[in-house]
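Asks: kindly generate the corresponding structure for this input.
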Amino acid sequence: MVNRIFLIAVIAGIPLSVLGSLLHWPSLIMFAVYCLTIIALAGFMGRATESLAIVAGPRIGGLLNATFGNAVELIISIFALQAGLNGVVLASLTGSVIGNLLLVGGLSFLIGGLKYKRQEFNVYDARHNSGLLIFSIIVAFVIPEVFSMDMDEGKTLTFSVGISIILILLYLFALFFKLVTHRGVYKHKTDEAGEHEEPEWGAKKATLVLLLATIAVAYVSENLVHTFEEVGETLGWSELFIGIIIVAIVGNAAEHASAIVMAYKNKMNVAVEIAVGSTLQIAMFVAPLLVLLSLMFENNLTLVFTMPELISMVTAVFLTIILTNDGDTNWFEGATLLAAYFIMGIGFYLL
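Replies: Numbers count the residues shown, from 1 in each chain. Sure, this is the predicted structure:
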């Protein structure tokens, strides 16, 4: 049923997106059309990556899902950078971090926990990810804020570029550690659980769907960015709220859906890998990559967030670590994560 709705949304949304941009339809209408089209396209990307990942195991499956899910947000952010909307880009990065940890993680734990009393996942992976979360958010994002207080713009940019290179290198090392040198070393009983599944699509079809969906998302995203300013003025939304809530939810729609479905199937290793792995990829790869790409544009991006953004990300990290470090979860822990997300959402709306 959901897949049929997504198909209809794509068939109707892409022509409407083209017509609306050519005929200059009202920004508010086109904003809704673009968002719904991107969410539907993200659904197809999620199904394609799930098909490719079924035979690859939870770690690689979660990585694939997070990577192609974050591709949507990366595309939106690049066009936002080009348009000089650096505040929206930083806000969308913040929204991805708190959205993946609190919204995606919370919904996964809640919906999975309503079906199963207890759900377990690999505790060794959880502890490994905890260290990376503390490093990527608290060390790499808080330190630039503190040091930049005594730096001019040029030094702040140089510092951000240096941090970005280190983050990308460490992220690549982390992948090499988990997928090559220590693959299978930290096994958990949940790694052996699960039944054999057949992929929905073959490798060729899944790859073709991914390619076409990514091209379509790139086109629609470019048009979406041009509606932000007028929509914000019309609805009274700040640049911060658009980035943190709207762009983050639309950009991460694919992994949102996939993680929840995996939790409902009691495949918590994949669900947690999507939620936490996607956060790590945003913080250690997407954010620093955007800093480096911004050097090609007139307005350069630095890793200096606002205080509300930093406090929200740090809070989300500590809450997630406390609830996941035991490798066990339930519906109430999911509700706790969701409550934290809604409190932050209200705060950013009122700012």
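
Asks: helices or strands up against the helix or strand hosting residue 11?
Replies: Following DSSP states H and E, one finds residue 11 within helix 2-23. Applying 3 or more CB pairs under 8 Å, 6 or more residues apart in numbering; DSSP states H and E, one finds that helix 2-23 contacts helix 27-53, helix 203-225. All C-beta spots, glycine's among them, are computed from the backbone N, C-alpha and C.

Asks: most packed of these?
Replies: helix 27-53 (a mean of 22; mean count of other CB atoms under 10 Å).

Asks: quick check: mean pLDDT of it?
Replies: The pLDDT scores in helix 27-53 average 83.

Asks: tilt between that helix and helix 2-23?
Replies: 140 degrees (axes from the mean of the first three to the mean of the last three CA atoms, to 10 degrees).

Asks: next, the angle from helix 27-53 to helix 203-225.
Replies: Using the same axes, to 10 degrees: helix 27-53 against helix 203-225 is 160 degrees.

Asks: what packs against helix 27-53?
Replies: Counting by 3+ CB pairs under 8 Å, 6+ apart, helix 27-53 packs on helix 2-23, helix 58-82, helix 203-225, helix 228-235, helix 248-251, helix 253-264.

Asks: isn't residue 250 up against residue 38?
Replies: Yes - when contacts are counted by CB atoms under 8 Å, residue 250 is listed as touching residue 38 (5.3 Å).

Asks: what's the burial count for residue 138?
Replies: Burial of residue 138 is recorded as 15 neighbouring residues (other CB atoms under 10 Å).

Asks: check contacts around the residue nearest to it when sequence neighbours are not counted.
Replies: Excluding the flanking residues, the one nearest residue 138 by CB to CB, 6 or more residues apart in numbering is residue 314, at 5.9 Å. With contact set as CB atoms under 8 Å, 6 or more residues apart in numbering, residue 314 has these partners: 137, 138, 142.

Asks: host element of residue 144?
Replies: Element membership for residue 144 (DSSP H and E) is helix 143-147.

Asks: so which elements touch that helix?
Replies: Contacts defined by 3+ CB pairs under 8 Å, 6+ apart place helix 143-147 against helix 153-176.

Asks: show me what the helix it packs on is packed up against.
Replies: Secondary-structure packing of helix 153-176 (3+ CB pairs under 8 Å, 6+ apart): helix 143-147, helix 268-281, helix 287-293.
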